[in-house]
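> Build me a model from this:
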Amino acid sequence: MAGRHHMPRQNDNFHGYHGDLRAHLSRRPVPLPPHPIALEEELELQHREMEGIVVENRNVVEDNVTLQRELTAVKDEIRRLGEVIPQVRADGDDRRRELLDRGLKLEAELRAAEHSRKEAAQLRAEAKKLNVMQQDLSSEVKKLTKDIDRLKPDNKQVASIKADLNGIHKDLAEVRRTFEYEKKANEELLEQNHVLEKNLLSAAREIEKLRAEKRARDVASYESFKRSPEHRYRLGGYGDTYGEARWAPYERHGPSRH
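Next up is the predicted model:
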(Lines give C-alpha, C1' and ligand atoms only; values in the text may rest on other atoms or scores of the structure.)
Protein backbone atom coordinates (compact mmCIF):
# COMPACT_ATOMS: atom_id res chain seq x y z
CA MET A 1 0.00 0.00 0.00
CA ALA A 2 2.96 2.28 0.44
CA GLY A 3 3.45 2.24 -3.33
CA ARG A 4 -0.06 3.49 -4.22
CA HIS A 5 -0.23 6.92 -5.87
CA HIS A 6 3.51 7.38 -5.33
CA MET A 7 4.96 10.11 -7.53
CA PRO A 8 8.35 9.45 -9.15
CA ARG A 9 11.26 11.30 -7.68
CA GLN A 10 12.19 14.46 -9.54
CA ASN A 11 15.59 14.78 -11.06
CA ASP A 12 18.12 16.88 -9.20
CA ASN A 13 18.57 19.11 -12.19
CA PHE A 14 14.86 19.87 -12.59
CA HIS A 15 15.26 23.41 -11.46
CA GLY A 16 18.18 23.83 -13.78
CA TYR A 17 16.34 22.57 -16.86
CA HIS A 18 16.84 24.85 -19.84
CA GLY A 19 14.72 22.99 -22.48
CA ASP A 20 11.08 23.46 -23.51
CA LEU A 21 9.08 23.71 -20.29
CA ARG A 22 5.76 22.87 -21.98
CA ALA A 23 7.14 19.65 -23.50
CA HIS A 24 8.48 18.63 -20.14
CA LEU A 25 5.19 19.26 -18.35
CA SER A 26 3.18 17.33 -20.96
CA ARG A 27 4.93 14.11 -20.08
CA ARG A 28 2.83 11.84 -17.80
CA PRO A 29 4.43 9.64 -15.15
CA VAL A 30 4.33 5.93 -15.80
CA PRO A 31 1.96 4.23 -13.26
CA LEU A 32 3.69 1.89 -10.87
CA PRO A 33 2.42 -1.71 -10.42
CA PRO A 34 0.29 -2.39 -7.28
CA HIS A 35 2.22 -3.27 -4.19
CA PRO A 36 2.06 -7.01 -3.17
CA ILE A 37 0.69 -6.11 0.25
CA ALA A 38 -2.17 -4.20 -1.35
CA LEU A 39 -2.94 -7.19 -3.58
CA GLU A 40 -3.04 -9.52 -0.56
CA GLU A 41 -5.38 -7.19 1.28
CA GLU A 42 -7.65 -6.95 -1.74
CA LEU A 43 -7.73 -10.74 -2.12
CA GLU A 44 -8.46 -11.20 1.58
CA LEU A 45 -11.32 -8.70 1.36
CA GLN A 46 -12.81 -10.51 -1.64
CA HIS A 47 -12.45 -13.84 0.17
CA ARG A 48 -14.38 -12.49 3.16
CA GLU A 49 -17.09 -11.14 0.90
CA MET A 50 -17.41 -14.54 -0.79
CA GLU A 51 -17.71 -16.27 2.59
CA GLY A 52 -20.42 -13.79 3.59
CA ILE A 53 -22.30 -14.49 0.36
CA VAL A 54 -22.08 -18.26 1.00
CA VAL A 55 -23.46 -17.84 4.53
CA GLU A 56 -26.23 -15.58 3.25
CA ASN A 57 -27.16 -18.11 0.56
CA ARG A 58 -27.30 -20.86 3.17
CA ASN A 59 -29.62 -18.73 5.32
CA VAL A 60 -31.82 -18.04 2.31
CA VAL A 61 -32.09 -21.78 1.62
CA GLU A 62 -33.03 -22.46 5.24
CA ASP A 63 -35.61 -19.66 5.13
CA ASN A 64 -37.11 -21.16 1.97
CA VAL A 65 -37.43 -24.56 3.68
CA THR A 66 -39.09 -22.94 6.69
CA LEU A 67 -41.48 -21.00 4.46
CA GLN A 68 -42.42 -24.18 2.62
CA ARG A 69 -43.26 -25.87 5.92
CA GLU A 70 -45.30 -22.88 7.06
CA LEU A 71 -47.10 -22.80 3.72
CA THR A 72 -48.03 -26.47 4.11
CA ALA A 73 -49.32 -25.79 7.63
CA VAL A 74 -51.33 -22.83 6.36
CA LYS A 75 -52.90 -24.98 3.64
CA ASP A 76 -53.86 -27.62 6.24
CA GLU A 77 -55.36 -24.94 8.49
CA ILE A 78 -57.36 -23.47 5.62
CA ARG A 79 -58.69 -26.90 4.71
CA ARG A 80 -59.64 -27.56 8.36
CA LEU A 81 -61.42 -24.21 8.60
CA GLY A 82 -63.31 -24.99 5.42
CA GLU A 83 -64.64 -28.14 7.11
CA VAL A 84 -65.42 -26.53 10.49
CA ILE A 85 -67.03 -23.25 9.40
CA PRO A 86 -70.30 -24.78 8.04
CA GLN A 87 -70.87 -26.62 11.32
CA VAL A 88 -70.11 -23.49 13.35
CA ARG A 89 -72.50 -21.51 11.20
CA ALA A 90 -75.27 -24.10 11.69
CA ASP A 91 -74.70 -24.13 15.46
CA GLY A 92 -74.84 -20.33 15.50
CA ASP A 93 -78.18 -20.34 13.66
CA ASP A 94 -79.65 -22.82 16.16
CA ARG A 95 -78.38 -20.78 19.08
CA ARG A 96 -79.76 -17.58 17.54
CA ARG A 97 -83.21 -19.12 17.13
CA GLU A 98 -83.13 -20.35 20.71
CA LEU A 99 -82.19 -16.91 22.01
CA LEU A 100 -84.93 -15.32 19.93
CA ASP A 101 -87.57 -17.68 21.36
CA ARG A 102 -86.42 -17.02 24.91
CA GLY A 103 -86.42 -13.29 24.29
CA LEU A 104 -90.01 -13.38 23.02
CA LYS A 105 -91.08 -15.42 26.03
CA LEU A 106 -89.43 -13.00 28.45
CA GLU A 107 -91.02 -10.02 26.70
CA ALA A 108 -94.44 -11.62 27.16
CA GLU A 109 -93.72 -12.15 30.87
CA LEU A 110 -92.63 -8.52 31.18
CA ARG A 111 -95.89 -7.32 29.65
CA ALA A 112 -97.86 -9.52 32.07
CA ALA A 113 -95.85 -8.15 34.99
CA GLU A 114 -96.58 -4.60 33.88
CA HIS A 115 -100.30 -5.36 33.91
CA SER A 116 -100.03 -6.84 37.43
CA ARG A 117 -98.10 -3.78 38.59
CA LYS A 118 -100.90 -1.50 37.36
CA GLU A 119 -103.51 -3.61 39.17
CA ALA A 120 -101.47 -3.41 42.38
CA ALA A 121 -101.27 0.38 42.10
CA GLN A 122 -105.04 0.54 41.60
CA LEU A 123 -105.65 -1.63 44.68
CA ARG A 124 -103.36 0.57 46.77
CA ALA A 125 -105.36 3.63 45.68
CA GLU A 126 -108.63 1.89 46.63
CA ALA A 127 -107.17 0.92 50.01
CA LYS A 128 -106.33 4.56 50.69
CA LYS A 129 -109.90 5.54 49.82
CA LEU A 130 -111.24 2.90 52.23
CA ASN A 131 -109.01 4.26 54.99
CA VAL A 132 -110.41 7.74 54.40
CA MET A 133 -113.97 6.37 54.47
CA GLN A 134 -113.26 4.54 57.71
CA GLN A 135 -111.96 7.71 59.32
CA ASP A 136 -115.02 9.64 58.14
CA LEU A 137 -117.39 6.97 59.50
CA SER A 138 -115.55 6.93 62.82
CA SER A 139 -116.00 10.67 63.05
CA GLU A 140 -119.71 10.31 62.29
CA VAL A 141 -120.10 7.62 64.97
CA LYS A 142 -118.46 9.82 67.56
CA LYS A 143 -120.68 12.71 66.57
CA LEU A 144 -123.83 10.58 66.77
CA THR A 145 -122.77 9.21 70.13
CA LYS A 146 -122.52 12.73 71.47
CA ASP A 147 -125.92 13.57 70.05
CA ILE A 148 -127.45 10.49 71.72
CA ASP A 149 -126.00 11.47 75.08
CA ARG A 150 -127.45 14.93 74.66
CA LEU A 151 -130.92 13.68 73.61
CA LYS A 152 -131.40 10.90 76.18
CA PRO A 153 -134.42 12.62 77.87
CA ASP A 154 -136.39 12.25 74.70
CA ASN A 155 -137.04 8.48 74.49
CA LYS A 156 -138.64 8.60 71.12
CA GLN A 157 -135.78 10.45 69.61
CA VAL A 158 -133.33 8.18 71.41
CA ALA A 159 -134.97 5.08 69.97
CA SER A 160 -134.85 6.53 66.49
CA ILE A 161 -131.29 7.62 66.94
CA LYS A 162 -130.35 4.19 68.31
CA ALA A 163 -131.87 2.57 65.27
CA ASP A 164 -129.89 4.89 63.05
CA LEU A 165 -126.81 4.21 65.11
CA ASN A 166 -127.28 0.48 64.80
CA GLY A 167 -127.57 0.89 61.06
CA ILE A 168 -124.44 2.96 61.03
CA HIS A 169 -122.65 0.33 63.13
CA LYS A 170 -123.72 -2.32 60.68
CA ASP A 171 -122.52 -0.19 57.81
CA LEU A 172 -119.27 0.41 59.64
CA ALA A 173 -118.83 -3.31 60.29
CA GLU A 174 -119.51 -4.01 56.62
CA VAL A 175 -117.02 -1.35 55.61
CA ARG A 176 -114.47 -2.82 58.02
CA ARG A 177 -114.99 -6.32 56.61
CA THR A 178 -114.63 -4.92 53.11
CA PHE A 179 -111.53 -3.01 54.14
CA GLU A 180 -109.93 -6.06 55.78
CA TYR A 181 -110.71 -8.17 52.72
CA GLU A 182 -109.28 -5.58 50.36
CA LYS A 183 -106.29 -5.11 52.64
CA LYS A 184 -105.58 -8.85 52.68
CA ALA A 185 -106.03 -9.09 48.93
CA ASN A 186 -103.76 -6.09 48.47
CA GLU A 187 -101.07 -7.66 50.68
CA GLU A 188 -101.23 -10.91 48.72
CA LEU A 189 -101.06 -9.04 45.44
CA LEU A 190 -98.11 -7.00 46.67
CA GLU A 191 -96.32 -10.18 47.73
CA GLN A 192 -96.99 -11.71 44.31
CA ASN A 193 -95.78 -8.50 42.71
CA HIS A 194 -92.51 -8.62 44.69
CA VAL A 195 -91.93 -12.24 43.64
CA LEU A 196 -92.72 -11.38 40.03
CA GLU A 197 -90.36 -8.39 40.12
CA LYS A 198 -87.57 -10.65 41.42
CA ASN A 199 -88.27 -13.11 38.61
CA LEU A 200 -88.25 -10.28 36.09
CA LEU A 201 -84.93 -8.97 37.38
CA SER A 202 -83.45 -12.46 37.17
CA ALA A 203 -84.85 -12.86 33.66
CA ALA A 204 -83.46 -9.47 32.62
CA ARG A 205 -80.02 -10.43 33.92
CA GLU A 206 -80.26 -13.72 32.03
CA ILE A 207 -81.17 -11.83 28.85
CA GLU A 208 -78.21 -9.47 29.24
CA LYS A 209 -75.92 -12.42 29.94
CA LEU A 210 -77.13 -14.24 26.83
CA ARG A 211 -76.75 -11.12 24.71
CA ALA A 212 -73.21 -10.56 26.06
CA GLU A 213 -72.31 -14.19 25.29
CA LYS A 214 -73.69 -13.84 21.79
CA ARG A 215 -71.80 -10.58 21.15
CA ALA A 216 -68.58 -12.10 22.53
CA ARG A 217 -69.08 -15.21 20.35
CA ASP A 218 -69.70 -13.10 17.23
CA VAL A 219 -66.70 -10.85 17.90
CA ALA A 220 -64.48 -13.86 18.64
CA SER A 221 -65.59 -15.55 15.42
CA TYR A 222 -64.97 -12.42 13.41
CA GLU A 223 -61.57 -11.74 15.04
CA SER A 224 -60.58 -15.38 14.49
CA PHE A 225 -61.47 -15.03 10.83
CA LYS A 226 -59.54 -11.75 10.53
CA ARG A 227 -56.47 -13.45 12.04
CA SER A 228 -56.77 -16.48 9.82
CA PRO A 229 -53.99 -17.07 7.24
CA GLU A 230 -56.47 -16.88 4.37
CA HIS A 231 -57.38 -13.32 5.30
CA ARG A 232 -53.76 -12.27 5.92
CA TYR A 233 -52.18 -13.92 2.92
CA ARG A 234 -54.86 -13.80 0.26
CA LEU A 235 -52.94 -15.03 -2.81
CA GLY A 236 -54.24 -15.23 -6.33
CA GLY A 237 -53.46 -18.95 -6.48
CA TYR A 238 -55.87 -19.77 -3.64
CA GLY A 239 -58.68 -17.38 -4.44
CA ASP A 240 -60.34 -19.77 -6.91
CA THR A 241 -59.84 -22.81 -4.66
CA TYR A 242 -61.55 -21.50 -1.54
CA GLY A 243 -63.87 -18.89 -3.03
CA GLU A 244 -63.36 -15.29 -2.04
CA ALA A 245 -67.06 -14.62 -2.63
CA ARG A 246 -67.88 -16.79 0.41
CA TRP A 247 -66.18 -14.29 2.70
CA ALA A 248 -67.42 -11.08 1.02
CA PRO A 249 -70.34 -10.51 3.47
CA TYR A 250 -67.98 -10.87 6.44
CA GLU A 251 -65.36 -8.56 5.00
CA ARG A 252 -67.90 -5.85 4.19
CA HIS A 253 -69.90 -5.89 7.38
CA GLY A 254 -67.98 -7.95 9.97
CA PRO A 255 -69.86 -10.02 12.57
CA SER A 256 -73.46 -9.15 13.32
CA ARG A 257 -74.05 -6.78 16.23
CA HIS A 258 -77.17 -6.26 18.34
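> Against which helices or strands is the helix or strand hosting residue 56 packed?
Using DSSP states H and E, residue 56 sits in helix 36-150. Packing partners of helix 36-150 (3 or more Cβ pairs under 8 Å, 6 or more residues apart in numbering; DSSP states H and E): helix 155-227, helix 229-232, helix 236-242. C-beta: built from backbone N, CA, C; applies to glycine.
> Compare the mean pLDDT across these and name the weakest.
Out of the helices and strands packed on helix 36-150, helix 236-242 stands lowest, with a mean of 45 (criterion: mean pLDDT).
> before we move on, the earlier item: could you dump the helices and strands packed on helix 36-150 into TSV and include mean neighbour count and distance to residue 95?
TSV is the format used below for the helices and strands packed on helix 36-150 (neighbours: other Cβ atoms under 10 Å; distance: least, Cβ to Cβ, whole Å):
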stretch	mean neighbour count	distance to residue 95
helix 155-227	13	7
helix 229-232	14	24
helix 236-242	10	26
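> Nearest to residue 55, out of these?
helix 229-232 (30.4 Å; Cβ to Cβ).
> model confidence over the helix holding residue 56, on average?
83.
> if we can go back for a sec, make a markdown table out of the helices and strands packed on helix 36-150 and add distance to residue 102.
Shown next, in a markdown table, are the helices and strands packed on helix 36-150 (distance: least, Cβ to Cβ, whole Å):
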| stretch | distance to residue 102 |
| --- | --- |
| helix 155-227 | 7 |
| helix 229-232 | 33 |
| helix 236-242 | 36 |
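> looking at the ones you listed, which is closest to residue 128?
Nearest to residue 128, of the helices and strands packed on helix 36-150 and by Cβ to Cβ, is helix 155-227 at 10.3 Å.
> ok and the closest one relative to helix 36-150, angle-wise?
Using axes from the mean of the first three to the mean of the last three Cα atoms, to 10 degrees, the direction of helix 155-227 lies 170 degrees away from that of helix 36-150.
> Which positions in stretch 50-68 come out as buried?
By 16 or more other Cβ atoms under 10 Å, stretch 50-68 has no buried positions at all.
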